[in-house]
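>>> got a predicted structure plus its sequence, pasted below:
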Amino acid sequence: MNLPELGPLWLSLQLAAAATAVLLVLGTPLAWWLSGTRSRLKPVIEAVTALPLVLPPTVLGFYLLLLMSPRSWLGGLWVEVTDTTLTFSFTGLLIASVVYSLPFMVQPLQAAFESLGRGPLEAAAALRASPLDAFLTVAAPLSLRGFLTAAVLTFAHTIGEFGVVLMVGGNIPGKTRVISIAIYEHVETLRYAEAHTLAAGLLLFAFVVLVFVYVFNRRLPVHVA
Amino acid sequence: MSPEPDAMGMAGSTGSGSVASPASPPPEARLEVDVQVAFDGFDLQVEQAIPAAGVTAVFGPSGSGKTTLLRSLLGFETRSSGRIALNGDVWLDSEAGVAVPPHRRPIGCTFQDGRLFPHLDVEGNLRYADRRSTPAPGVAAPITRGDVVDALDLEPLLDRRPSTLSGGERQRAALGRALLSRPRLLLLDEPLSALDRRRKAEIMPYLLALHPRFGIPTLYVSHAVDEVALLADRVLVLADGRVQAFGGTVEVLEQLDLAPLTERFQAAAVLEARVSAHDDEYRLTWLDLDGQRLSVPRIEHLAVGESARLLVRSRDVSLATERPSPTSIRNVLSGVLVSLQQDESTAFAEATVDLGSHRLRARITRASAAELDLTVGSPVFALLKSVSLDTRAGR
C-alpha cells in the first residue's frame, strides 16, 4: 500500500485550528450581540450569518475569489501591504474558511447565550459587575457547552471544506492542498489506495470528534438556573 | 369603596411608641421616585418620596406594577422615564439625559427565584458580591462576610451548589449575597412567594432580623398582607400602576379597603397590644389591647410591658351581637360596628369593627349579617379564631 503524503492532513489541521481560533474571537461578540439585541437589523445580520449554510460552496468561493483577487480593493490592498496575493495563499484560505464556517460558530453560541435568559446577567449587574465582567464571569462559564459545540463544529466543518478551498486556494502542495483536495486529486489520478487511506482517516476523525463531543457534553454540568 | 369617615379618632391609633418608626432620617435621606413606564397597554406612574430608612413594603396584587417599579429602580427597565434619586444621588433623570447603568446603582437585590449563580457554590456566590462591592460612604463598620454568614446561618451551605439547596436555603444565600454587595438600598422581590408555608415560617425570622441588624433601607415587594404586616414599617400600595396609598403599616392596612387589592381571604387588620402577663401553666401570654384582654400562645421573647404586633385576618373573625356563652374561642373583643359592606355578587359581607384605637375587619356571610340584624353604630362582639404574631423582638 502506498502511503499518501501527510502534508495535506497537516495543512488541514492548521487551517481548521486557525479558523476556529479566529472565529472564537470574532463569532463570540457577534453571537452575544445577536442574543441580546432588539435592533431591527437583527434578522438581516442573522440572515447574512446563515448564508454560508445554504449557498453552494462554489458560489461563496467565486465571490471570495473576486474579492481577494489583486484587482479588487481588498486583494489590491493586500498586495500593496504584504507584497503577496491573497488568492492561492494560506491567509486567503483562512479568510475563506472563516466566512464559510461562520454559522457553525455563531449559531450554537447564540443559542447558548439566549438560553441563559436575562436572570443571571441581571443578578450580576445588581452585584456591580460591568457588562464585560458579567459576560466573562457569568455568561461564558454558563455557556461552556455552547462553546464546546461551536468550536468542534467549526473545526470539523473547516476540515471538510472543499468547494470554497478549491475556488480560492487551488491545489498548491504545501500551501493550499488540504486533505479534501488531496483526496479528490488521488481519485482523479486513479490512485484509489491513497484516496482510501485519507478518506478513511477523515471518516474516523469525524467519528472520534463527534463521540468526544457527546461524551464531554454529558459530563459538563448542566446549569439549571 | 372608600374607608368610612373617621368617626372614632383614627389619629390616636399609632400612638404606641413601639411602632418601628426608625429615628426619622435626615431630610435628604430618601428615595425620590417619579417614574413613568408604558408598554403593551400597561402604564405605571409612580410619584412618591420614600424615606430611606426602615422597611417599606411595596404592596399590591399581581399585575399592579410592583415588579416594573422594581426594575425601574434597578435600571433594568429601559422604557422608564422620569426621575429616581437616592439621598440626592440621581440614578435616572430623563430630562437631563441621565440614566445610571444598573451595575453603578448601589442597590442590593434578591429576586423571586433567587438567581444564585449555578456554576458557583454558595461561598463563590458570596465572594462574587464581596469582591465587587465597596463600602457605602460614611459607614463606620462595613458589612463583613462573617456578619452575613452568621446572620443567615450560611456556614453549612457554603460549599453547596445552588441546585442542591431548598427554596428557603436559596433565598437565604441570595439575601447574604445581596447584603455583601454592601448596598445603600435593599430590594427584596417577593422572597417568600416561591416557598410553601413551612419554608416561609423558616425564613421569616431571618427577614425580621435583617433590618435591625444591618440597618439598610429596604423595599420589600409583596402581595401577601401577612408578610407586609409583620415586616414593614410603612406601605406603598400599588394597583393598576398607580399609588393607591402610602403611609405607616398600621394606618394603611387599617384604613384602606384592601379587599379589591388582596387575594381572596387575605384582608386583615394589624393590632398593637401590650404584654400584660405570661401564664406558665397553660403556656399563654396575656395581652392588653386598649383595656381588653387577649391570650395567645406564649411569646417567649417579649417581656411584660413590651408591645406585640398582631395580624388578624378578616376570615378569622366572627361577629356576635351578645357576648357568647363559653366557647373554645378564647379571644372575644367588644366594639362598635362602623361599616358593613355587602358584596351583592357574592355570599359575603365585610364588617369593620371599631375597638377604640384599632379597627378589625370581619368577613361574614350576608345571610348571617341579616340574621343578626347588624346595624352600623351598634355594639358587637368580635370572636377571633386565630391571630398571627409578629415575632420581632423589641418592637
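Happy to help now that I have it.

>>> from here on, contacts and neighbour counts on C-alpha atoms
Will do.

>>> pull up the distance across stretch B:281-290, start to finish.
In stretch B:281-290, first residue to last residue: 25 Å (CA to CA, to the nearest Å).

>>> other residues contacting it?
Outside stretch B:281-290, the residues within contact range by CA atoms under 8 Å, 6 or more residues apart in numbering or on different chains are B:272-279, B:293-299, B:355-357.

>>> so for that stretch, mean pLDDT?
Across stretch B:281-290, the average pLDDT comes to 87.

>>> show me what counts as buried in that stretch.
B:284-289 (16 or more other CA atoms under 10 Å in any protein chain shown).

>>> coming back round to it: just the contacts of stretch B:281-290 that are near chain A?
Counting by CA under 8 Å from any CA of the partner chain, nothing from those sits close to chain A.

>>> buried ones from the residues you listed, can you make that a PyMOL selection?
Buried subset of the contacts of stretch B:281-290, written as a PyMOL selection, criterion 16+ other CA under 10 Å:
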select buried, chain B and resi 272+273+274+275+276+277+278+293+294+295+296+298+299+355+356+357
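
>>> restricted to strands, list the contacts of stretch B:281-290.
B:272-279, B:293-297 (DSSP state E).

>>> what's the burial count for A:Ala47?
Using other CA atoms under 10 Å in any protein chain shown, A:Ala47 has 11 neighbouring residues.

>>> can you check A:Leu23 too?
Neighbours around A:Leu23, by other CA under 10 Å: 26.

>>> elements contacting the helix or strand harbouring it?
A:Leu23 is part of helix A:7-36, with elements assigned from DSSP states H and E. With contacts taken as 3 or more CA pairs under 8 Å, 6 or more residues apart in numbering or on different chains; DSSP states H and E, helix A:7-36 sits against helix A:90-116, helix A:144-159, helix A:179-188.

>>> mean confidence for that helix?
Averaging pLDDT along helix A:7-36 gives 92.

>>> tell me the angle of it relative to helix A:179-188?
140 degrees (axes from the mean of the first three to the mean of the last three CA atoms, to 10 degrees).

>>> gap between helix A:7-36 and the chain center?
Mean-position distance between helix A:7-36 and its chain equals 4 Å (CA atoms, centre = their mean, to the nearest Å).

>>> same deal with stretch B:37-55?
Mean-position distance between stretch B:37-55 and its chain equals 17 Å (CA atoms, centre = their mean).

>>> want to throw the helices and strands packed on helix A:7-36 into a markdown table with mean pLDDT and distance to chain B?
Shown next, in a markdown table, are these (pLDDT from 0 to 100; distance: least, CA to the nearest CA, whole Å):
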| stretch | mean pLDDT | distance to chain B |
| --- | --- | --- |
| helix A:90-116 | 92 | 11 |
| helix A:144-159 | 90 | 11 |
| helix A:179-188 | 88 | 40 |
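
>>> any chance of those in TSV with mean neighbour count as columns?
Below are those laid out as TSV (neighbours: other CA atoms under 10 Å in any protein chain shown):
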stretch	mean neighbour count
helix A:90-116	23
helix A:144-159	22
helix A:179-188	19
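
>>> for B:Thr218, which of those is the nearest?
Taking CA to CA, helix A:90-116 is the member of those nearest to B:Thr218, at 28.7 Å.

>>> which secondary structure elements does whatever helix or strand comes next after that closest one contact?
Later in the chain than helix A:90-116, the nearest helix or strand by DSSP H and E is helix A:119-126. Using 3+ CA pairs under 8 Å, 6+ apart as the contact test, the elements touching helix A:119-126 are helix A:131-134, strand B:107-110.

>>> secondary structure class for B:Gly377?
Following DSSP: H, G, I helix; E, B strand; the rest coil, the label given to B:Gly377 is coil.

>>> now for residue 179: which residues touch it?
No chain was given, so I picked chain A. By CA under 8 Å, 6+ apart, the residues touching A:Ile179 are A:8-9, A:11-12, A:159, A:198.

>>> actually chain B
By CA under 8 Å, 6+ apart, the contact list for B:Leu179 reads B:108, B:143, B:148, B:186.

>>> what's the helix or strand for it?
Per DSSP H and E, B:Leu179 falls inside helix B:167-180.

>>> toward the C-terminus, what is the element adjacent to that helix?
Per DSSP H and E, the first helix or strand lying C-terminal to helix B:167-180 is strand B:185-189.

>>> what is the neighbour count of B:Leu152?
Per other CA under 10 Å, the neighbour tally for B:Leu152 reads 20.

>>> could you report the pLDDT at the residue in the stretch 51-200 of chain B that chain A sits nearest to?
The nearest approach of the stretch 51-200 of chain B to chain A comes at B:His103, 4.2 Å away (CA to the nearest CA). Model confidence at B:His103, given as pLDDT, is 91.

>>> closest to B:Ala268 out of the helices and strands packed on helix A:7-36?
Distance to B:Ala268, taken as CA to CA, is lowest for helix A:90-116 among the helices and strands packed on helix A:7-36, at 40.3 Å.

>>> now do B:His223 against B:Val35, distance only.
For B:His223, the distance to B:Val35 (CA to CA) stands at 21 Å.

>>> who has more neighbours out of these two?
Using other CA under 10 Å, the more surrounded residue of B:His223 and B:Val35 is B:His223, with 24 against 21.

>>> let me know the secondary structure of B:Ala96.
B:Ala96 ends up coil, using three-state DSSP.

>>> what's the burial count for A:Pro56?
Other residues near A:Pro56 come to 13 when the count uses other CA under 10 Å.

>>> same check on A:Glu5?
Residues near A:Glu5, counting by other CA under 10 Å, number 12.

>>> same check, this time on B:Val90
Residues lying near B:Val90 (other CA under 10 Å) number 16.

>>> so who does residue 158 touch?
Defaulting to chain A. Contacts for A:Thr158 (CA under 8 Å, 6+ apart) come out as A:12, A:15-16, A:19, A:97, A:100-101.

>>> oops, chain B please
B:Leu158 touches B:121-123, counting by CA under 8 Å, 6+ apart.

>>> just give the closest residue to residue 75, not the sequence neighbours.
Answering for chain A, as no chain was given. A:Met68 (4.2 Å; CA to CA, 6 or more residues apart in numbering or on different chains).

>>> actually it's chain B I care about, not the one you picked
B:Pro102 (4.8 Å).

>>> same thing with B:Glu272?
In space, and not counting its chain neighbours, B:Glu272 is closest to B:Arg309: 4.7 Å by CA to CA, 6+ apart.

>>> tell me the secondary structure for the one you found?
Applying three-state DSSP: B:Arg309 is strand.

>>> ranges for the helices of the stretch 201-350 of chain B?
Ranges of helices in the stretch 201-350 of chain B, per DSSP state H, counting those that start in this stretch, are B:225-231, B:249-255.

>>> picking up where we left off before, any idea which of the helices and strands packed on helix A:119-126 is most buried?
The highest average neighbour count among those, using mean count of other CA atoms under 10 Å in any protein chain shown, belongs to strand B:107-110 at a mean of 26.

>>> and the contacts of it?
Contacts to strand B:107-110, defined as CA under 8 Å, 6+ apart, come from residues A:123, A:126-127, B:74, B:171, B:174-175, B:178-179, B:181-189, B:191.

>>> is stretch B:116-131 in proximity to chain A?
Yes - contact between stretch B:116-131 and chain A, assessed by CA under 8 Å from any CA, occurs at B:116-119, B:128-129.

>>> what residues of that stretch count as buried?
Buried residues in stretch B:116-131, counted by 16+ other CA under 10 Å: B:116-130.

>>> which of those residues fall within helices?
Using DSSP state H to define helices, the subset of these located there is B:122-130.

>>> can I get those in TSV with distance to A:Val211 and pLDDT?
Compiled in TSV, these are given as follows (distance: CA to CA, whole Å; pLDDT from 0 to 100):
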residue	distance to A:Val211	pLDDT
B:Val122	34	94
B:Glu123	35	94
B:Gly124	33	95
B:Asn125	34	94
B:Leu126	38	94
B:Arg127	37	94
B:Tyr128	36	94
B:Ala129	39	92
B:Asp130	41	90
